[in-house]
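Visitor: no letters, just coordinates:
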């Protein structure tokens, strides 16, 4: 097959001449549904490709979008697939592929976030990434910051809408110091960034982030991951952190006890006052005085 000069048209292209430019993992159940759907009603939407000249001088194609449809056709043993052929550069094809993944209704958060990181690695600025993906510059800058810090747990929470991006950035800015993180949570609460369920989700993510690390990993990968060596110094540091935590809890308990004793003392003085007692009896609240 020689290279054809026609562009931006629908034609049948050989499936074995299409190269997947931006492959992504896909849910097997969803893929099976795609296969069954195409088999029963046919291909509703052609894949999109851009032509190139192969090493053998024949035409090959870079896949812009439609990986699932292409793999389904390969599963059927089909030799050709309907494709919309467009004339774009390698970079534009890659960006279009990422943008198509970002625009998907059933998208995987880490894929979208990784796509933003890939564009950054290709030298695009946050403003350029925002223009090409339809996201806001503020969002892109925040995501790039979280990516740089390896904050996968917070990234997923932001992408799923469980924690606002501004609150996630505030938490990251606090570092690993527990007091600073709690202060960041308090600041986010007072400013209205975190309220209700979002505050609860943020606290849970911070606990997981502290105990399991910033990056996500399945139980299988976590088991396979090499465990850090335990040294005398690390044990001492762990002991010191635990002692400090226990001391802080004791101080909080003592402070709460002192406040309760003050309240009880104040109430006892009130109840010893005859006028106050008469007032309670007049209001039908005399039994309260016997419970203190």
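Guide: Arrived safely, thanks for sending. Since the model is a prediction, treat every value here as computed from it, not as a measurement.

Visitor: shaky segments in the stretch 51-200 of the chain?
Guide: Residue ranges of the stretch 51-200 of the chain with pLDDT under 70: 99-113.

Visitor: what ranges does it have for its strands?
Guide: Assigned by DSSP state E, counting those that start in this stretch, the strands in the stretch 51-200 of the chain fall at 59-65, 80-85.

Visitor: would you turn those into CSV with distance to residue 175 and mean neighbour count?
Guide: No exception for glycine: its C-beta is placed from N, CA and C like everyone else's. Below are the strands of the stretch 51-200 of the chain laid out as CSV (distance: least, C-beta to C-beta, whole Å; neighbours: other C-beta atoms under 10 Å):
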stretch, distance to residue 175, mean neighbour count
strand 59-65, 40, 21
strand 80-85, 49, 19
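
Visitor: residue 95 is nearest to which of the ones you listed?
Guide: Nearest to residue 95, of all the strands of the stretch 51-200 of the chain, is strand 59-65, at 9.5 Å by C-beta to C-beta.

Visitor: now the angle from that closest one to strand 80-85?
Guide: If you take axes from the mean of the first three to the mean of the last three C-alpha atoms, to 10 degrees, strand 59-65 sits at 80 degrees to strand 80-85.

Visitor: partners of strand 59-65 in the sheet?
Guide: strand 18-20 (parallel), strand 47-53 (antiparallel) (DSSP bridges).

Visitor: from the chain's centroid, how far away is it?
Guide: Counting by C-alpha atoms, centre = their mean, to the nearest Å, strand 59-65 is centred 30 Å from the centre of its parent chain.

Visitor: same question, stretch 127-137
Guide: The answer for stretch 127-137 is 18 Å, by C-alpha atoms, centre = their mean.

Visitor: from here on, count from 51
Guide: Sounds good: first residue 51 from here, last item stretch 177-187.

Visitor: got the contact list for residue 259?
Guide: 201, 203-204 (C-beta atoms under 8 Å, 6 or more residues apart in numbering).

Visitor: how about the residues you listed in JSON lines, adding neighbour count and distance to residue 85?
Guide: Formatted as JSON lines, those follow (neighbours: other C-beta atoms under 10 Å; distance: C-beta to C-beta, whole Å):
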{"residue": "201", "neighbour count": "22", "distance to residue 85": "36"}
{"residue": "203", "neighbour count": "21", "distance to residue 85": "33"}
{"residue": "204", "neighbour count": "24", "distance to residue 85": "36"}
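
Visitor: for stretch 128-142, measure first residue to last.
Guide: 28 Å (C-alpha to C-alpha, to the nearest Å).

Visitor: please apply the same query to stretch 100-117.
Guide: Note: stretch 100-117 ends 14 Å apart using C-alpha to C-alpha.

Visitor: per-domain residue ranges of this protein.
Guide: 51-139+146-153, 158-267, 287-333 (automatic domain parsing).
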